[in-house]
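>>> Sequence below, structure please.
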Amino acid sequence: MGGSDARGESGNAPGTVGSRADLFHPRPGPDRLAGDETGPMPPALRPAVGVSVVIPAYNEAESLRELVPAVAGVLRRTGRTFEIIVIDDGSTDGTPDVLEELCRAEPSLAALTFRRNFGKSAALATGFSRVRGTFVITMDADLQDDPEEIPALLSDLEGGLDLVSGWKKRRHDPITKTWPSRFFNRVTAAVTGIRLHDFNCGLKGYRRAVCQEVELYGEMHRYIPVLAHRQGFRIGEREVRHHPRRYGRSKFGSTRFVNGFLDLLEVVFLAQGRRTPLHVFGRIGTVCLGVGLGLNLYMAVIWILEGRLRVRPLLLFGVILVILGIQFISIGLLAALIHAPRSRQRTYPISRVYPVREES
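Numbers count the residues shown, from 1 in each chain. Next up, the predicted model:
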């Protein structure tokens, strides 16, 4: 009935801070296209920097006031060019206001705010898509990761590693987090064959190629070292300092244990790049079908020799195995049909391209 209101989907006037996906980088300069006031230019068009630091944050307003200046101070001492990217994962505690204030004070800082909470994997994936650094550092926003560890991580990357994962050997967290974490890390190491002590440490160092090739979704941030290792990247580990939480509380509940186990199954399955779904399910189905047919053949011989057939548990077991075998093979065929288009579009990671000399 009334006049139209020129507001965004979240109800905020254009240009104001709200729950929409927004970029806070108020200072005009080389990061913006000429005549463009909608946001920074794409990463491919911006000049490269030495180090990019990606910080996912959710309701960490107090911590960010201390963390951003600390990270910037450490990076300036290294003498490298750098950028800091904070991904606000739909915070409701005033984090967007704090980030806008910090962006005015720190020229190397850029920040994104999601319309709602999407999770840590989504925040990291968004940050990875925007990095310009030769090396990339990720860390949590809760001040438990120490920025002073960044130079050591960069040194390891310069030494030839593609990904360096932090190891919080002395962890300042309640027992409800430390014991399940140890169990999770041991199971993951045993299943994947990657001997790391702390897969889910937020403090990690990467070469930019790792960030470009590892695909994150759901809650796969826990398994970045596994995904990178399966792509052929060199993985290492470094013991890092861990501090008690000073502000707020942990954002992860008990559901992370169930989700983590299910994600591990998915990673192990999807990471076997040389096996198609038909190979995985077909092998199980072939074994069930073979054993079931063998048992039924044995029962058929007994039927012929004795002249009568009695319903025995072994006969029922053989029939069940035949049915299961057919079902597994059918699932493999259906999965192969779904997987085929993606397989045809797949690109394989290349570590180096050598120049081809033309014959004179």
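
>>> pLDDT below threshold where in this protein?
1-47, 250-257, 267-276, 309, 339-360 (pLDDT under 70).

>>> Let me see the domain layout of it.
Recorded structural domains for the chain (assignment: automatic domain parsing) are 22-270, 277-344.

>>> any chance of those in JSON lines, plus mean neighbour count?
Quick note: C-beta positions are derived from backbone N, CA and C, even for glycine. Below are those laid out as JSON lines (neighbours: other C-beta atoms under 10 Å):
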{"stretch": "domain 22-270", "mean neighbour count": "18"}
{"stretch": "domain 277-344", "mean neighbour count": "14"}
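
>>> can you pull the contacts of Ala48?
Residues in contact with Ala48, defined by C-beta atoms under 8 Å, 6 or more residues apart in numbering, are Arg132, Gly133, Thr134.

>>> please redo it, this time with the cut-off set to 6 Å
Contact analysis of Ala48 by C-beta atoms under 6 Å, 6 or more residues apart in numbering lists Arg132.

>>> quick check: longest strand of the protein.
Using DSSP state E to define each element, the chain has its longest strand at strand 49-57.

>>> That one - which strands sit beside it in the sheet, and in what orientation?
strand 82-88 (parallel), strand 133-138 (parallel) (DSSP bridges).

>>> which other residues reach that strand?
Contacts of strand 49-57 (C-beta under 6 Å, 6+ apart): 71, 80-89, 120, 123-124, 127, 131-139, 141.

>>> and of the strands paired with strand 49-57, who's closest to His229?
Checking the strands paired with strand 49-57 against His229 by C-beta to C-beta gives strand 133-138 as the closest, at 16.8 Å.

>>> Which strands or helices does the helix or strand following that closest one pack on?
The element immediately downstream of strand 133-138 (helix or strand, assigned by DSSP states H and E) is helix 150-158. When contacts are defined as 3 or more C-beta pairs under 6 Å, 6 or more residues apart in numbering; DSSP states H and E, helix 150-158 packs onto strand 133-138.

>>> Tell me how far the strand it packs on lies from the chain's centre.
15 Å (C-alpha atoms, centre = their mean, to the nearest Å).

>>> Equivalent analysis for stretch 98-110, please.
26 Å.

>>> Same question for stretch 203-221.
Per C-alpha atoms, centre = their mean, the centroid offset for stretch 203-221 relative to its chain is 5 Å.

>>> Settle this for me: Arg241 is touching Asp146, isn't it.
Yes. Between Arg241 and Asp146 there is a contact at 4.4 Å, judged by C-beta atoms under 6 Å.

>>> Next one: the spatially most central residue of the chain from Gly307, what distance?
Closest residue to the average C-alpha location of the chain: His221 at 2.8 Å, with C-alpha atoms, centre = their mean. According to C-beta to C-beta, to the nearest Å, His221 stands 65 Å off from Gly307.

>>> cool, and Gly166?
Taken as C-beta to C-beta, the span from Gly166 to Gly307 is 73 Å.

>>> Pro225 now?
Going from Pro225 to Gly307 by C-beta to C-beta gives 64 Å.

>>> Break down the stretch 251-360 of the chain into its helices, ranges please.
255-270, 277-306, 313-344 (DSSP state H, counting those that start in this stretch).

>>> can you list the ones you listed in a markdown table and add distance to Asp173?
Converted to a markdown table, those look like this (distance: least, C-beta to C-beta, whole Å):
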| stretch | distance to Asp173 |
| --- | --- |
| helix 255-270 | 13 |
| helix 277-306 | 37 |
| helix 313-344 | 39 |
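
>>> quick one: which of the ones you listed is nearest Arg76?
helix 255-270 (35.5 Å).

>>> ok, Leu324 - contacts?
So Leu324 contacts Cys288 (C-beta under 6 Å, 6+ apart).

>>> sorry, back to before: now render the strands paired with strand 49-57 as TSV, adding distance to Pro313.
Listed next are the strands paired with strand 49-57 as TSV, based on distance: least, C-beta to C-beta, whole Å:
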stretch	distance to Pro313
strand 82-88	58
strand 133-138	56
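
>>> Can you say which of the ones you listed is nearest to Asp173?
The nearest among those, by C-beta to C-beta, is strand 133-138 at 18.6 Å.

>>> Report the outermost residue of the chain with respect to its centre.
Gly307 (62.8 Å).

>>> quick one, phi/psi of it?
Dihedral angles of Gly307 (phi, psi; degrees, to the nearest 10) stand at phi 80, psi 10.

>>> Leu161 now?
Taking degrees, to the nearest 10 as the convention, Leu161 sits at phi -80, psi 150.
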